[in-house]
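Novice: Coordinates for the following, if possible.
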Amino acid sequence: MAVAFGLLVAVSFGSADFLGGRASVRASTVAVVLIGQSIAVAGALIVASVVGARVARSDVGFGVLSGAANVVGLSLLYRGLARARVGVVAPLTAVVGALVPVTFALVR
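Specialist: I've put the predicted structure just below:
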């Protein structure tokens, strides 16, 4: 089951990045991110209603902070994909996306 969910998440992220980058060429990045994040929140609410868990206030706070960081990151990614070559933007964002958590873990 974990492998199936992993594949689902990978396909979702990959297609969202591709479609978001393509949509940002034709529409404003803000509109693309707003629509994409609205769909993501709806999906998260559906999953949260099915999966039971105890949620602390700090969990909600961390969720809000991570959501805000996600919006900023996606906005920059989509803007980069709309303005520059995908062959430059995609690998650069992948390296930075991996470097940040690894650096944080090493520092911690």
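
Novice: Quick one: neighbours of Val89, just the number.
Specialist: 19 (other C-beta atoms under 10 Å). Just so you know, the C-beta spots here come from the backbone N, C-alpha and C atoms, and that holds for glycine as well.

Novice: For the most centrally placed residue in the chain, give me the pLDDT.
Specialist: Nearest to the mean C-alpha position of the chain, by C-alpha atoms, centre = their mean, lies Asn70 at 5.4 Å. At Asn70, the predicted lDDT confidence score is 89.

Novice: who's in contact with it?
Specialist: Going by C-beta atoms under 8 Å, 6 or more residues apart in numbering, Asn70 touches Gln37.

Novice: Which helix or strand contains it?
Specialist: Using DSSP states H and E, Asn70 sits within helix 57-83.

Novice: Next secondary structure after the host helix or strand of Phe13?
Specialist: Per DSSP H and E, Phe13 falls inside helix 2-26. With elements assigned by DSSP H and E, the helix or strand that comes after helix 2-26 is helix 29-50.
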